[in-house]
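A.B. asks: I would like to see how this sequence folds:
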Amino acid sequence: MNDINIDNIKVSLRLDEVINNAVNEGYKNVNNKNSILKKLAITVVIVGSIGITLSGTSFGERVLANIGLEAFDIGNYIGVNKNLKDYTTVVDSSVTKNGITVQLNEVILDRDELIVSTTTKIDTAIESNESLLVFGDVYINGKKISEGAEGSKEQIDQYTMESILKYNLKDDLPNGELDIKIKYREALLSRENSNSEEIKGPWEFEFKASGDTLVAKTTNIKLNNSFKLDNGQKVILNEYRSNDVGTKIYYDMKDKDEAYDIILRGYDDLGNEVSFYSSYEGKNDGVMKNESEISAYASKLVLTPYAVAYSEKSGKINDNYHQVGEEFTIEIK
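C.D. replies: Numbering: from 1, shown residues only. Down below sits the predicted model:
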């Protein structure tokens with residue numbers, strides 16, 4: 001089962017009773033401002049057969065006035081103060097079905113991730129306790145390759161939502177121009193403390209894109225650091241990967257029998273605070289992402305691992321993180 005996370009509301013892509021429980025729990029957690037201020041990497045978790053997806057920084061919801069369907073800058077949503085135009089493919093195509101128009105604005109290919117900007121419009125007004133979400137599968141060269149997603153949404157007016165989703169892909173993408181299809185099978189009108197409404201699609205988009213330019217400007221550093229969690233399972237950090245879109249740390253897990261939220265906290269050699277949160281975790285591996293941009297002038301990162309076990313039943317936030325390994329250094333230049 002794939003998972004999706006939008007604004008810290010974690011739901012399965014299988015639209016059933018699980019969604020109602022997850023969305024209601026997500027609303028409660030998102031509305032807990034104190035918890036959000038204490039920890040930007042908030043998790044609302046459902047375990048699926050493929051893996052779990054954990055949330056990143058919430059960009060919040062801003063209600064803007066009377067803006068129609070139009071493309072917008074991905075960089076603004078993901079908190080990157082860099083020009084991403086060289087890496088962006090503008091699709092600018094829309095499909096209308098069953099009272100919902102989905103517009104695919106633009107995408108960025110980042111090796112094992114596809115960042116997608118969409119605008120969704122519905123014929124009936126979205127109430128204050130509702131949120132409109134669309135879920136998609138990514139196909140590349142005819143093969144379904146997406147495993148889950150995380151992202152953020154923004155309400156534009158009573159009828160319009162904009163969103164950025166980062167789809168986790170099963171493998172690093174091949175070089176060259178790729179044939180890509182995104183199929184949104186259904187939309188979900190989620191309601192706080194109430195049953196959600198599933199609206200059938202599909203809304204399909206096909207286009208070509210390449211990630212070669214971004215790959216050429218990506219730094220890859222092999223790592224050999226490890227630590228053990230309270231239950232004895234071992235976390236092995238394998239690779240540090242950084243480019244203009246963001247920074248990731250890849251890891252493997254051994255003897256996994258319990259879900260943990262892991263954070264790497266520390267600083268760079270300029271004294272700036274640095275932290276990485278758990279973004280995606282599969283059966284035996286995972287990805288951590290940085291919460292803020294790392295200075296272009298920094299040459300090393302000094303990090304310490306912290307972790308906390310969480311309840312698979314409630315998915316509630318637990319801020320009782322404690323150190324689970326020794327401080328280590330990554331030479332990034």
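A.B. asks: going forward, measure contacts between C-alpha atoms and count neighbours the same way
C.D. replies: Will do.
A.B. asks: for the stretch 51-200 of the chain, what spans make up the strands?
C.D. replies: 51-53, 88-97, 100-109, 113-122, 130-140, 143-144, 146-157, 160-169, 178-191, 197-209 (DSSP state E, counting those that start in this stretch).
A.B. asks: partner strands of the longest one and their direction?
C.D. replies: When pairing is defined by DSSP bridges, strand 178-191 lines up against strand 130-140 (antiparallel), strand 197-209 (antiparallel).
A.B. asks: pick the most buried one from those.
C.D. replies: strand 130-140 (a mean of 20; mean count of other CA atoms under 10 Å).
A.B. asks: what angle do it and strand 160-169 make?
C.D. replies: Orientation of strand 130-140 against strand 160-169 (axes from the mean of the first three to the mean of the last three CA atoms, to 10 degrees) gives an angle of 40 degrees.
A.B. asks: need the contact partners of strand 130-140.
C.D. replies: Contact partners of strand 130-140, identified using CA atoms under 8 Å, 6 or more residues apart in numbering, comprise 4, 13, 120, 126, 144-146, 161, 167, 178-192.
A.B. asks: let me know the average pLDDT across that strand.
C.D. replies: Here strand 130-140 scores 90 as its mean pLDDT.
A.B. asks: C-alpha coordinates for it, CSV please?
C.D. replies: The C-alpha trace of strand 130-140 is given here as CSV (Å, rounded to 0.1, in the frame of the first residue of the first chain):
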residue,chain,number,x,y,z
GLU,A,130,-12.8,20.5,4.4
SER,A,131,-9.7,20.0,2.3
LEU,A,132,-9.5,18.9,-1.3
LEU,A,133,-6.7,16.4,-2.0
VAL,A,134,-5.8,14.6,-5.3
PHE,A,135,-3.7,11.4,-5.4
GLY,A,136,-1.7,10.2,-8.3
ASP,A,137,0.5,7.4,-9.5
VAL,A,138,3.6,8.1,-11.5
TYR,A,139,4.6,6.0,-14.6
ILE,A,140,7.9,6.4,-16.3
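A.B. asks: distance from that strand to the middle of the chain?
C.D. replies: With CA atoms, centre = their mean, to the nearest Å as the basis, strand 130-140 stands 13 Å off its chain's centre.
A.B. asks: with stretch 96-103 instead?
C.D. replies: The chain centre lies 24 Å from the centre of stretch 96-103; the measure is CA atoms, centre = their mean.
A.B. asks: which parts of the chain belong to which domain?
C.D. replies: Domain assignment for the chain by automatic domain parsing gives 58-214, 218-331.
A.B. asks: could you tell me the least trusted of those domains?
C.D. replies: domain 58-214 (a mean of 85).
A.B. asks: ok, back up a step: switch the strands paired with strand 178-191 over to TSV; also include distance to V274.
C.D. replies: TSV is the format used below for these (distance: least, CA to CA, whole Å):
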stretch	distance to V274
strand 130-140	31
strand 197-209	32
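A.B. asks: show me where this protein has its helices.
C.D. replies: For the chain, helices defined by DSSP state H occupy the ranges 17-30, 33-38, 74-78, 212-216.
A.B. asks: and the strands in the stretch 201-333 of the chain?
C.D. replies: Here the stretch 201-333 of the chain has its strands, by DSSP E, counting those that start in this stretch, at 219-228, 234-242, 247-254, 260-268, 273-282, 285-290, 300-309, 322-323, 328-331.
A.B. asks: what angle sits between the first one and strand 234-242?
C.D. replies: In this case it means strand 219-228. 160 degrees.
A.B. asks: enumerate every residue touching W203.
C.D. replies: Under the criterion of CA under 8 Å, 6+ apart, the neighbours of W203 are V95, T96, K97, V102, K183, Y184, R185, E186.
A.B. asks: can I assume I164 is in contact with T118?
C.D. replies: Yes. With contact defined as CA atoms under 8 Å, I164 and T118 form a contacting pair (6.6 Å).
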